[in-house]
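Colleague: return a 3D structure for these sequence lines:
(one chain, ligands or ions: 1)
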Amino acid sequence: MAYVIDGKKISQEIKDELKEQVEALKKDGKEIALAVIQVGTDPASSVYVGNKKKACAYIGIRSESYELPETVVQEELISLIERLNQDDKINGILVQLPLPEHIDEDAVIKAISPAKDVDGFHPESVGALMIGQQGFLPCTPAGIIQLLKRSDIEIAGKECVVIGRSNIVGKPMAVLLLRENGTVTVTHSKTKDLKAVCKRADILVAAVGKPRMITREYVKDGATVIDVGIHRNAENKLCGDVDYEDVFPIAGAITPVPGGVGPMTIAMLMNNCVSGALH
Ligand code: NDP
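Modeller: Sure, this is the predicted structure:
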């Protein structure tokens, strides 16, 4: 039976540590502020934005909301970002993705100053990550490293298999595991015999975007299984990329959905806001 890695508890610990740091900064007269930009009214995006603002309020970070209509032109969005880049009172800029189709997401991400790129998606942040220089780390993979470290799960020397190679999860996850001295394999839709590759893993990270695809046939006995996926099943309940009930009895440790990776993403965003203000 697996040890359940409690992302809710670990993310709360991180938020409480950050709250203390923010209080200390306030005593020195320094306030931290995050600008949150949402384009349109997609309900899922609104929930994510709401949760991020709630976390800011808890920690003591001031959040400034910019709600732009679905029809906003790209130039207007970019000029808002440029204004926020120049604003000394703003430490971080977050543009909630996805953006409407008429807007070039890459151009918007590139417009954010790397010094305020708290999502860690700017090409400069990605480059810094690759070569091990100081920069903002993308929140979901950085959160997974924290889950492992704070659960005393050794990464160095371990076989780590990442399922998925997206720019926001799979690829940065692989680089961060490598940085921690894991032996890393990245898999994707063209990988041959995925089950056999995954079965080698001491640490298996599933970011495949397919509900409950990862059954025990993909998992070595005693492996740590990190489930990044978020889906709603037929009964409107949340589930992940891992078939939790099937894998739980044989895994060594496992993250649940909800309450695993999800809460860590927001905690690490808050961490980026605070660390950005310190540099
Ligand atoms: P993407 O859809 O961008 O990437 C999915 C990856 O999985 C691709 O690299 C794809 O390969 C690979 N893949 C798809 N099907 C297979 C298959 N049958 N076998 C092997 N590989 C396959 O997803 P994201 O990385 O953005 O997100 C992954 C999941 O994580 C989603 O469920 C998303 O909702 C969730 N998520 C959760 C977050 C959180 O905070 N918990 C944050 C971000 C995402 P290829 O490249 O060849 O197409």
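Colleague: can you pull the domain assignment for the chain?
Modeller: 31-113, 139-261 (automatic domain parsing).
Colleague: max-length helix in this protein?
Modeller: helix 7-27 (DSSP state H).
Colleague: now that one: buried residues?
Modeller: 7, 10, 11, 14, 15, 18, 19, 21, 22, 25 (16 or more other CB atoms under 10 Å). (Glycine included, C-beta is placed from N, CA and C.)
Colleague: quick one: that helix near the ligand?
Modeller: No: judged by CB under 6 Å from any ligand atom, helix 7-27 and the ligand are separated, with a smallest distance of 8.9 Å.
Colleague: now the element after that helix, going C-ward?
Modeller: strand 33-39 (DSSP states H and E).
Colleague: pLDDT of that next one, averaged?
Modeller: Mean pLDDT, computed over strand 33-39, is 98.
Colleague: elements contacting the helix or strand following that strand?
Modeller: Going down the chain from strand 33-39, the next helix or strand is helix 43-59, by DSSP H and E. Using 3 or more CB pairs under 8 Å, 6 or more residues apart in numbering; DSSP states H and E, the elements in contact with helix 43-59 are helix 7-27, strand 33-39, strand 62-68, helix 261-278.
Colleague: need the residues of the stretch 151-279 of the chain near the ligand, please.
Modeller: 163-166, 168-170, 187-191, 194, 207-210, 228-230, 241, 261-262, 265.
Colleague: hmm, 8 Å instead?
Modeller: 163-170, 187-191, 194, 207-211, 213, 228-231, 240-241, 257, 260-262, 264-266 (CB under 8 Å from any ligand atom).
Colleague: can you flag which of the residues you listed belong to strands?
Modeller: The strands, defined by DSSP state E, take in 163, 187, 231 from those.
Colleague: which parts of the stretch 51-200 of the chain are strands?
Modeller: For the stretch 51-200 of the chain, the strands defined by DSSP state E, counting those that start in this stretch cover 62-68, 92-95, 159-163, 183-187.
Colleague: any of the residues of the stretch 151-279 of the chain next to the ligand buried? List them.
Modeller: 163-165, 168-170, 187, 191, 194, 207-209, 211, 213, 228-230, 240-241, 257, 260-262, 264-266.
Colleague: leaving out the residues flanking it, which one is nearest to residue 211?
Modeller: Excluding its sequence neighbours, the residue lying closest to residue 211 (CB to CB, 6 or more residues apart in numbering) is residue 231, at 4.1 Å.
Colleague: residue contacts, the one you found?
Modeller: 211, 238, 239, 240, 241 (CB atoms under 8 Å, 6 or more residues apart in numbering).
Colleague: any idea of the pLDDT on residue 277?
Modeller: 79.
Colleague: which residues sit in contact with the closest residue in space to residue 82 that isn't next to it in sequence?
Modeller: Distances taken as CB to CB, 6+ apart place residue 111 nearest to residue 82, at 6.5 Å, with adjacent residues excluded. Contacts for residue 111 (CB under 8 Å, 6+ apart) come out as 78, 81, 82, 85.
Colleague: adding neighbour count, write those out as TSV.
Modeller: Shown next, in TSV, are the contacts of residue 111 (neighbours: other CB atoms under 10 Å):
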residue	neighbour count
78	17
81	21
82	13
85	16
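Colleague: now flag whichever of those residues is closest to the ligand.
Modeller: residue 81 (21.9 Å; CB to the nearest ligand atom).
Colleague: any idea how far that closest one is from residue 225?
Modeller: Here the criterion is CB to CB, to the nearest Å. By it, residue 81 lies 38 Å from residue 225.
Colleague: which residues are in contact with residue 185?
Modeller: Here residue 185 is in contact with 159, 160, 161, 162, 197, 200, 201 (CB under 8 Å, 6+ apart).
Colleague: repeat that for 7 Å
Modeller: When contacts are counted by CB atoms under 7 Å, 6 or more residues apart in numbering, residue 185 touches 161, 197.
Colleague: pLDDT score assigned to it?
Modeller: On the pLDDT scale, residue 185 gets 98.
Colleague: once you drop chain neighbours, what's closest to the residue nearest the centre of the chain?
Modeller: In the chain, the residue lying closest to the centroid (CA atoms, centre = their mean) is residue 140, at 1.7 Å. Nearest non-adjacent residue to residue 140, counting by CB to CB, 6+ apart: residue 265, 4.8 Å away.
Colleague: from residue 272, how far off is the one you found?
Modeller: Counting by CB to CB, the gap from residue 265 to residue 272 is 11 Å.
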